[in-house]
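Chemist: could you work out the structure for the sequence below:
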Amino acid sequence: MPWYGKLMKAHTVSALAAALMTAAFSAGGPPAAAASLLQQPKYAAFLADADTGEILYSRHADAQRFPASITKVMTLYMAFERLAAGTLRLDDRVVFSRYAASQRPSKLGLKPGESLTVDQAIRSLTTKSANDVAVALAEHIAGSEQEFGRLMTARAKELGMQNSHFVNPNGLPDSRQVTTARDIYLLSQATIRHFPQYYAYFQQRQFVFGNQTMPNHNHLLRTMPGVDGIKTGFTNAAGFTLTASAVRDGRRLIAVVLGGPSRVARDSNVESLLTAGFSVLSARNSGRQVQVADMLAEPGDLNDEVLQQLVEQGSGEPPVRRR
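Modeler: The predicted structure is shown next:
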């Protein structure tokens, strides 16, 4: 194996193992028996060049999975379309119905009849991943959640997302709402390509609304240079999900991981994919031929006992357990 492949494998495995050990002990106990991340039944991954569409890594890319809060990227895509067309404005007021206000956390917590602007709604979705706001925005655009789900699915098919089906705008559990790692890549690519004027919403580190300060659930925005989006997700059924985009030396890559067993495992895997992808592109410039798979050791992961105790929330992050 070339020296750079060995170095990448060593760095990837050691960093991931250390992070997972820390996560296990902070959750209140020693690590459980090791199991491969790649053997997790919900796991799927996809890495590709955002500009050329070249696939750099693929694992269970077309296997249907639950999207959790990554669903909100589709919701935001629908809103961005209408903003660009002039049928929706950033200063329009989005009024909460009783149904929208009744959504499970993560939520902003407005009461029926209260409202916020479209701009505030978008910011709350990209940071706090507010389920109630997603429904309120969907009702504002389409009149009902059911109609919005139909529109989401139709638009997804037009974007080439052939294995995706949507019934709600927030990603709360529904067995009918499915997608794939490849489809989420296509959605992320289309969002970046079609609406560069709105993509900056995904880059904000936090959003202040009233007395609430809401940090972005995408931790890679703060920990990995070059990452500028896009969306996390979590439910018990989906596991930990993330679609992330990063730019280095003028090249943009998009990595999608679905079904991670923990936030740390998910984030570490996405970071490793992006790092390996950029290393491949750099190696090509030097005349070396190498693949992303050559640079990735199969990462060990923990049997995440924490996951079994988390509540269904459809949010980007589960509640923190304390000893």
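Chemist: so where's the chain uncertain?
Modeler: 1-36, 297-323 (pLDDT under 70).
Chemist: what are the ranges of the helices in it?
Modeler: Secondary structure of the chain (DSSP state H): helices located at 3-26, 71-85, 98-101, 118-126, 131-142, 145-158, 181-194, 220-223, 263-285, 292-295.
Chemist: reformat those helices as TSV; add mean neighbour count and distance to Asp51.
Modeler: Yep, even glycine has a C-beta here, placed from its N, CA and C like the rest. Below are the helices of the chain laid out as TSV (neighbours: other C-beta atoms under 10 Å; distance: least, C-beta to C-beta, whole Å):
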stretch	mean neighbour count	distance to Asp51
helix 3-26	16	23
helix 71-85	22	19
helix 98-101	17	37
helix 118-126	23	23
helix 131-142	25	29
helix 145-158	17	21
helix 181-194	23	8
helix 220-223	16	20
helix 263-285	22	11
helix 292-295	20	17
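Chemist: okay if I get those as a markdown table plus distance to Leu172?
Modeler: Formatted as a markdown table, the helices of the chain follow (distance: least, C-beta to C-beta, whole Å):
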| stretch | distance to Leu172 |
| --- | --- |
| helix 3-26 | 25 |
| helix 71-85 | 9 |
| helix 98-101 | 12 |
| helix 118-126 | 14 |
| helix 131-142 | 6 |
| helix 145-158 | 11 |
| helix 181-194 | 17 |
| helix 220-223 | 24 |
| helix 263-285 | 19 |
| helix 292-295 | 33 |
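Chemist: what's the closest of those helices to Lys111?
Modeler: helix 98-101 (5.8 Å; C-beta to C-beta).
Chemist: helices or strands next to the closest one in the packing?
Modeler: helix 131-142 (3 or more C-beta pairs under 8 Å, 6 or more residues apart in numbering; DSSP states H and E).
Chemist: wait, which of the helices of the chain is closest to Arg205?
Modeler: Across those, closest to Arg205 is helix 220-223 (C-beta to C-beta), at 6.2 Å.
Chemist: I would like the residues contacting the closest one, please.
Modeler: 203, 205, 227-229, 242, 244, 246, 267, 270-271 (C-beta atoms under 8 Å, 6 or more residues apart in numbering).
Chemist: same thing but at 6 Å, please
Modeler: When contacts are defined by C-beta atoms under 6 Å, 6 or more residues apart in numbering, helix 220-223 is touched by residues 227, 244.
Chemist: now for the helices of the chain, which one comes closest to Pro112?
Modeler: Nearest to Pro112, of the helices of the chain and by C-beta to C-beta, is helix 98-101 at 4.5 Å.
Chemist: any idea how far the closest one is from the chain center?
Modeler: Between the centre of helix 98-101 and the centre of its chain there are 25 Å (C-alpha atoms, centre = their mean, to the nearest Å).
Chemist: please apply the same query to stretch 100-112.
Modeler: Counting by C-alpha atoms, centre = their mean, stretch 100-112 comes out at 21 Å from the chain centroid.
Chemist: cool, thanks, talk later.
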